[in-house]
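>>> Could you work out the structure for the sequence below:
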Amino acid sequence: MRRFTCDCGQRLLWARTVNGRSIALNPKPDPAGNQAVYRDGTGTWLTRQLRDGEEPYGYERRLMPHVATCPVERERRERAKEARQPVPENVVPHSTFLAKLRAKRGRR
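Numbers count the residues shown, from 1 in each chain. Take a look at the predicted model:
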């Protein structure tokens, strides 16, 4: 079941993305937001991400994803960042290994 408030106390609006995933949004319009949100005929909130400089259509509202403004989520990210341990010198990070492998095979 979807919660309609976050741990930080902010009310949330849940919308479905064009890829079929759910995203929590701040319900108040925000000129800095990057989501164009509208309600379809069944009452479902749908959203699409705006590109740089793109404006929402007349029937859409510009909203901000909640994760971008949530103080609780920011604190969680900072704790996770602090908990990460540095990679030992004799270990190659997986992303570096894959990049070298792709370059060796002539791919990006």
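
>>> rest of the way, CA atoms for contacts and neighbours
Noted.

>>> pLDDT on stretch 21-33, on average?
When pLDDT is averaged along stretch 21-33, the result is 95.

>>> start the count at 507, not 1, going forward
In the new numbering, first residue 507, that becomes stretch 527-539.

>>> Name the surrounding residues that touch that stretch.
516-523, 567-573 (CA atoms under 8 Å, 6 or more residues apart in numbering).

>>> quick one: it to chain centroid distance?
10 Å (CA atoms, centre = their mean, to the nearest Å).

>>> cool, stretch 513-524 as well?
Its chain's C-alpha centre lies 11 Å from the corresponding centre of stretch 513-524 when counted by CA atoms, centre = their mean.

>>> Now do that stretch: everything it contacts.
So stretch 513-524 is in contact with 508-512, 528-533, 543, 550-554, 572, 576-578, going by CA under 8 Å, 6+ apart.

>>> change it to 7 Å
Defining contact as CA atoms under 7 Å, 6 or more residues apart in numbering, one finds that stretch 513-524 is touched by 510-512, 528-533, 551-554, 576-578.

>>> So which bits of that stretch are buried?
By neighbour count with 16 or more other CA atoms under 10 Å, stretch 513-524 contains the buried residues Arg517, Leu518, Leu519, Trp520, Ala521, Arg522, Thr523.

>>> shaky segments in this protein?
For the chain, applying pLDDT under 70 flags the ranges 507-509, 613-614.

>>> the strands in it, which residues?
519-523, 528-531, 541-545, 551-555, 567-569 (DSSP state E).

>>> Output the ones you listed in a markdown table, with distance to Arg608 appended to each entry.
Listed next are the strands of the chain as a markdown table, based on distance: least, CA to CA, whole Å:
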| stretch | distance to Arg608 |
| --- | --- |
| strand 519-523 | 31 |
| strand 528-531 | 33 |
| strand 541-545 | 34 |
| strand 551-555 | 30 |
| strand 567-569 | 38 |
